[in-house]
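>>> Everything below, folded, please.
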Amino acid sequence: MEIRELGEFKLIERILRQFKTDSPDVIKGIGDDASVTRLDDSRCLLTTTDMLLEGIHFSLLYVPAYLLGKKAVSVSLSDIAAMGGMPKFLLTSVAVPGNISTEFMDLFYRGVKERADEFSMPLIGGNTSSSNGGVIVEVIVIGEALTAEVVYRHGAKPGDIIYTTGFLGDSALGLKIWKARGDKPVTDPFMRDAMLEHIDPVPRVKEGRLIAERKIATAMTDISDGLILDLRHLADESGVGARVYVSEIPLSTAMKRHIINNPDGIMLSLTGGEDYELLFTAPPDMKTMIEELSKEVNLPITAIGEMVQIEEGLKVIDKEGAELKIFNEGFEHFKSYENQN
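Here you go, the predicted model:
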């Protein structure tokens, strides 16, 4: 069997079967946004790693070195945010072809440093290597949390409300514009905002930390592969189903404009991915607390559906009240028909 027949997530399950552990220091291993390992009686370490490969995750035609550095760190910070933790340390490894300029490397690490400095997160190690296949970046972020406050993908219950931070679909829309326009100027400020969302996402570390600290969420993850696919992971881990209402999806001005001329454009917000917003569930009685949090952090936090019994499955309901069939729920390595970028 070829890996493309198996897909990324079945491959992870296959790996997990070989590396099960009964170590008392491993609270959560493979299968969440970050691993959770015991630090002491009350604290734990959160560890996450991500890779960005040229031609798969980004193109140097429109992602400058400086923003590539920032985004590489942001992607892993988003995982720490999804667990409700605080980032502590950073490791970054890079492989590049020999013809890459020293200016490129200087700008890349300037971006890494700027994003890391925003969270007082020192770079404590990494590696450099030559590459015969484009630029490859690997980032490891180590975070910390109180063990009792960590939020996992499992924990959602029927009746919980589904929430997301920010707006959804802008990154996918931005990628679509980048691919169509290349380096040609875009004058529409709203479309330019969407383009920036794709190459310079903001990790919701503060928001994730407050959600965990105030014990608002029953389960949480970040939206990296696409709203529906990431919600499926959360639902499966929790042993529940879900209902999402298209009419409630939070959309930016750019997305609203795009959908006027492209009604199918709503799929970008449902399956596009790389939003790096938080997706979490909470009991209905947390509504007021969530509204207060939204005002406090000056960021929309929107109810988009509810969790249901597992027998009811995961369904997306359109504006007419009918089920919207979704055949490709998000981006999955090896199985997706196109590279992400």
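
>>> How about Val202, nearest residue that isn't a chain neighbour?
In this structure, Val202 finds its nearest non-sequential neighbour in Ser74, 7.0 Å apart by C-beta to C-beta, 6 or more residues apart in numbering. For every residue, glycine as well, the C-beta is placed using N, CA and C.

>>> Secondary structure element for the one you found, which one?
Counting by DSSP states H and E, the element that carries Ser74 is helix 65-82.

>>> Which strands or helices does that helix pack on?
For helix 65-82, the packing partners by 3 or more C-beta pairs under 8 Å, 6 or more residues apart in numbering; DSSP states H and E come out as strand 43-53, strand 86-96, helix 102-118, strand 136-146, helix 189-199, helix 205-213, strand 219-222.

>>> and Lys319, which of the ones you listed is closest to it?
When the helices and strands packed on helix 65-82 are compared by C-beta to C-beta, helix 189-199 sits nearest Lys319, at 22.3 Å.

>>> List the buried residues of that closest one.
Using 16 or more other C-beta atoms under 10 Å as the test for burial, helix 189-199 gives 190-191, 193-195, 197-199.

>>> hang on, Thr164 in a strand?
Yes. For Thr164, which was evaluated using DSSP: H, G, I helix; E, B strand; the rest coil, the result is membership in a strand.

>>> List the contacts of it.
Residues near Thr164 by C-beta atoms under 8 Å, 6 or more residues apart in numbering: 223, 227, 250, 277-280, 301-302, 304.

>>> what angle do the helix holding Ser74 and strand 86-96 make?
Regarding helix 65-82 and strand 86-96, their directions subtend 140 degrees when assessed with axes from the mean of the first three to the mean of the last three C-alpha atoms, to 10 degrees.

>>> Quick check, Ile228 in contact with Ala242.
No. No contact is recorded between Ile228 and Ala242 when judged using C-beta atoms under 8 Å, the distance being 9.0 Å.

>>> Quick check: which element contains His258?
In this assignment (DSSP H and E), His258 forms part of helix 253-261.

>>> tell me the secondary structure for Ile304?
For Ile304, the secondary structure call by three-state DSSP comes out as strand.

>>> could you measure it against Ile161, distance?
9 Å (C-beta to C-beta, to the nearest Å).

>>> Those two - which one has more neighbours?
The residue with the greater number of neighbours, taking Ile304 and Ile161 and applying other C-beta atoms under 10 Å, is Ile304; the counts read 23 against 20.

>>> Identify the spatial nearest neighbour of the more buried one, chain neighbours not counted.
Counting by C-beta to C-beta, 6+ apart, Glu248 is the residue found nearest to Ile304 once chain neighbours are left out, at 4.5 Å.

>>> cool, and Ala148?
Nearest-residue entry for Ala148: Ser42, 7.4 Å, with adjacent residues in sequence omitted and distances by C-beta to C-beta, 6+ apart.

>>> Is that neighbour in contact with Glu149, as I believe?
No. Taking C-beta under 8 Å as the contact criterion, Ser42 and Glu149 are not neighbours in contact, 9.9 Å apart.

>>> Near Ser131, how many other residues are there?
For Ser131, the tally of surrounding residues (other C-beta under 10 Å) stands at 15.

>>> List the contacts of it.
The contact partners of Ser131, by C-beta under 8 Å, 6+ apart, come to 95-97.

>>> Most neighbours among the residues you listed, which one is it?
When neighbours are taken as other C-beta under 10 Å, the top entry among the contacts of Ser131 is Val96 (20 neighbours).

>>> For the most centrally placed residue in the chain, which three-state class applies?
Among the residues of the chain, the smallest C-alpha distance to the mean C-alpha position (C-alpha atoms, centre = their mean) belongs to Ser224, namely 3.0 Å. Secondary structure, three-state DSSP: Ser224 is coil.

>>> Give me the pLDDT for it.
Ser224 is assigned a predicted lDDT (pLDDT) of 95.

>>> you'd agree it is up against Leu77?
No. The criterion here is C-beta under 8 Å, and Ser224 misses it with Leu77 at 11.8 Å.

>>> And the helix holding His258, what's buried?
Residues of helix 253-261 classed as buried by neighbour count (16+ other C-beta under 10 Å): 254-255, 257-259.

>>> Put together CSV for those residues, with distance to Asp318 and pLDDT on each row.
Compiled in CSV, the buried residues of helix 253-261 are given as follows (distance: C-beta to C-beta, whole Å; pLDDT from 0 to 100):
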residue, distance to Asp318, pLDDT
Ala254, 21, 95
Met255, 16, 96
Arg257, 20, 94
His258, 17, 95
Ile259, 13, 95
